[in-house]
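Engineer: A predicted structure for the sequence below; I have some questions about it.
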Amino acid sequence: MKLSLLPLALGGLTIGITEFVMMGLLPDIAADLNVSIPKAGYLISAYALGVVVGAPLLVIAGRNVPPKKMLVTLALMLTVFNALSIIAPGYNLLLASRFLSGLPHGAFFGVGAVVASRLAEKGKEARSVAVMFSGLTIANVVGVPLGTWIGHNLSWRYTFVVIAIIGLITIVSMLALMPVTHHEKTGSVKTQLGFFKKYQAWLLIIITAIGTGGLFCWMSYIAKLLTDVSGFKAESVPYILMLAGTGMVVGNLLGARLADAFSPAKSLLGTLIAMAIVLTGVYFLSGNQAISLVLVFLTGCLAFALIAPIQMLVIQTAKGAEMIASATIQASFNIGNALGAFLGGLPLVYGYGYTSPNLVGIAMVLVGIAATVVFIKMANPAYVVEGEKPVIMH
């Protein structure tokens with residue numbers, strides 16, 4: 001890993017912990033603030049809403065700010081807004097701080113993905129982007145379990161102290177290690193929004209918001225799937241989730257290598273097909289504990305194998321608007337999170353078992369596969385045409 005990429009990985013670690021640790025801290029926060037678990041659950045929704053709102057708005061606002069300065073500003077926002085959670089006296093301010101914490105999420109990954117690709121050696125762009133997202137995967141293996149333990153045994157506020165400290169380290173490392181990359185002024189808001197006039201843009205949004213939403217049908221209800229279907233004890237679930245996190249680490253690196261070795265579009269299509277197969281396995285085979293553990297690892301692996309190919313497709317097809325396009329995809333991931341949790345829960349409302357969300361997940365992945373096929377078919381095998389200028393699809 002290039003040392004200049006370390007700050008991006010640390011930023012991903014900060015974001016990963018603050019996004020996912022809340023799920024494990026909900027009981028502690030609910031008890032401390034004297035609110036119900038469902039009401040505490042709005043803290044997760046507030047963060048996701050912040051991501052969706054902040055991703056395009058912050059990138060547009062900072063479209064002519066040099067990338068390094070933009071990333072430092074976003075890291076500062078992450079640190080300050082998470083620090084607000086430490087001192088929040090009640091539910092309402094905590095809800096506001098969670099919304100604010102989500103604002104820089106998509107913009108950070110959007111700008112960071114473009115910077116990472118520029119810092120990469122030729123032919124290793126996807127791997128460079130994957131380094132940034134490695135922080136997000138490490139958060140799921142180490143950061144989130146540690147933050148949850150701190151919240152349970154000390155105080156949930158101390159968890160946010162840790163997040164703020166990592167945020168400060170991220171800022172310092174950016175100032176010290178990240179070079180100033182070439183910055184091209186991207187012009188007016190109208191020019192930036194021109195990205196959304198392309199069919200490629202909407203296909204990528206559909207692939208991300210619906211295709212990857214199939215993963216969240218599985219992830220949202222995994223705890224009950226493991227206990228009620230696979231027969232694991234409740235205390236084993238955190239360790240099994242660490243296995244999923246390990247799969248995410250492997251998948252993040254594997255997806256990047258496949259994207260560099262073949263092409264982002266082909267890698268994305270193959271990964272989505274593999275995800276549909278694995279979710280089918282989850283539906284039929286989760287009753288066997290040994291097979292269930294293998295499926296947990298594979299699903300986590302495929303979940304993050306999608307990220308680098310999608311990011312590279314965005315960068316390649318959004319010339320002149322790479323950062324807003326990349327940030328929009330991050331917002332689309334969060335839309336997929338919300339859609340997967342909602343649609344995957346519908347069969348449960350009607351009394352079906354905890355394997356049933358995976359049927360919805362398979363359907364969503366199939367939509368993603370269809371959109372990817374259309375994306376490939378509508379493009380020349382060697383080029384995606386942008387106006388009169390051909391953009392090589394590596």
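Structural biologist: Happy to help now that I have it. Numbers count the residues shown, from 1 in each chain.

Engineer: give the residue spans of this protein that score low on pLDDT.
Structural biologist: By pLDDT under 70, the low-scoring segments of the chain are 1, 182-189, 191, 380-394.

Engineer: residue nearest the centroid of it?
Structural biologist: Against the mean C-alpha coordinate of the chain, by CA atoms, centre = their mean, the closest residue is residue 333 at 5.9 Å.

Engineer: give the contact list for it.
Structural biologist: Contact analysis of residue 333 by CB atoms under 8 Å, 6 or more residues apart in numbering lists 208-209, 212. Every C-beta, even on glycine, is put in place using the N, C-alpha and C of the backbone.

Engineer: helix or strand for it, which one?
Structural biologist: Using DSSP states H and E, residue 333 sits within helix 322-349.

Engineer: could you give me the buried positions within the next helix-or-strand element following that helix?
Structural biologist: Per DSSP H and E, the first helix or strand lying C-terminal to helix 322-349 is helix 357-378. Across helix 357-378, burial judged by 16 or more other CB atoms under 10 Å covers 357-372, 375-376.

Engineer: likewise stretch 260-273?
Structural biologist: Judged by neighbour count using 16+ other CB under 10 Å, the buried positions of stretch 260-273 are 260, 263-273.

Engineer: and stretch 163-175, by the same measure?
Structural biologist: For stretch 163-175, a neighbour-count test (16+ other CB under 10 Å) marks 163-164, 166-167, 169-171, 173-174 as buried.

Engineer: ok, stretch 118-126 next?
Structural biologist: Neighbour-count burial for stretch 118-126, counted by 16+ other CB under 10 Å, picks out 118-120, 124-126.

Engineer: span of it from start to end?
Structural biologist: One end of stretch 118-126 sits 11 Å from the other (CA to CA, to the nearest Å).

Engineer: mind listing residues that contact that stretch?
Structural biologist: 2, 4-5, 116-117, 127-129, 179, 181-182, 255-257, 259-260, 264, 308-309, 311-312, 315, 394.

Engineer: which ones among the residues you listed map onto helices?
Structural biologist: Among the contacts of stretch 118-126, the residues falling in helices (DSSP state H) are 116-117, 127-129, 255-257, 259-260, 264, 308-309, 311-312, 315.

Engineer: looking at it, residue 97 is touching residue 90, isn't it?
Structural biologist: No: contact criterion CB atoms under 8 Å: residue 97 and residue 90 do not qualify, at 11.1 Å.

Engineer: quick one, which of those two is more surrounded?
Structural biologist: Between residue 97 and residue 90, counted using other CB atoms under 10 Å, the more crowded position is residue 97 (24 against 10).

Engineer: using neighbour counts, pick out the buried residues of the helix or strand harbouring the more buried one.
Structural biologist: Element membership for residue 97 (DSSP H and E) is helix 91-119. Within helix 91-119, the residues that count as buried by 16+ other CB under 10 Å are 91, 94-119.

Engineer: and residue 89, how many neighbours?
Structural biologist: Neighbours of residue 89 under the rule other CB under 10 Å: 8.

Engineer: and it, backbone torsions?
Structural biologist: The phi/psi pair for residue 89 (degrees, to the nearest 10) reads phi -80, psi -20.

Engineer: find the nearest non-adjacent residue to residue 32, please.
Structural biologist: Once flanking residues are discounted, residue 32 sits nearest to residue 156: 6.7 Å by CB to CB, 6 or more residues apart in numbering.

Engineer: and the strands in this structure?
Structural biologist: For the chain, applying DSSP state E gives strands covering 383-386, 389-392.

Engineer: how near is residue 324 to residue 334?
Structural biologist: From residue 324 over to residue 334 the distance is 16 Å, taken as CB to CB, to the nearest Å.

Engineer: check residue 328 too.
Structural biologist: Counting by CB to CB, the gap from residue 328 to residue 334 is 11 Å.

Engineer: which residues are in contact with both of the two?
Structural biologist: Taking CB under 8 Å, 6+ apart as the criterion, residue 328 and residue 334 both touch residue 106.

Engineer: helices along the stretch 101-250 of the chain, start to end?
Structural biologist: For the stretch 101-250 of the chain, applying DSSP state H, counting those that start in this stretch gives helices covering 125-138, 144-153, 156-177, 189-193, 199-206, 213-219, 222-224, 237-261.

Engineer: name the helices or strands packed onto the longest one?
Structural biologist: Think helix 237-261. For helix 237-261, the packing partners by 3 or more CB pairs under 8 Å, 6 or more residues apart in numbering; DSSP states H and E come out as helix 125-138, helix 144-153, helix 222-224, helix 264-285, helix 289-305, helix 307-317.

Engineer: rerun that using 7 Å as the cut-off
Structural biologist: Applying 3 or more CB pairs under 7 Å, 6 or more residues apart in numbering; DSSP states H and E, we find helix 237-261 packed against helix 125-138, helix 264-285, helix 289-305, helix 307-317.

Engineer: and of the ones you listed, who's closest to residue 251?
Structural biologist: Set against residue 251 and scored by CB to CB, the helices and strands packed on helix 237-261 come closest in helix 289-305, at 3.6 Å.

Engineer: quick check, nearest of the buried residues of stretch 118-126 to residue 21?
Structural biologist: Residue 21 has its nearest neighbour among the buried residues of stretch 118-126 in residue 126, at 27.9 Å by CB to CB.

Engineer: now the closest one, nearest residue through space, not along the chain?
Structural biologist: Nearest non-adjacent residue to residue 126 (CB to CB, 6+ apart): residue 259, at 3.8 Å.

Engineer: wait, that neighbour sits on residue 310?
Structural biologist: No: assessed by CB atoms under 7 Å, residue 259 is found out of contact with residue 310, at 9.2 Å.

Engineer: and the contacts of stretch 293-311?
Structural biologist: Residues from elsewhere that reach stretch 293-311 (CB atoms under 7 Å, 6 or more residues apart in numbering): 113, 126, 129-130, 133, 137, 204, 207-208, 212, 215, 218, 240, 243-248, 250-252, 254-256, 259, 264, 267-268, 271, 274-275, 278, 281-282, 285-286, 326, 329.

Engineer: for ChimeraX, what selects the buried ones among the residues you listed?
Structural biologist: Filtering those down to the buried ones (16+ other CB under 10 Å) takes a single ChimeraX command:
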select :113,126,129,130,133,137,204,207,208,212,215,218,240,244,245,246,247,248,250,251,252,254,255,256,259,264,267,268,271,274,275,278,281,282,286,326,329
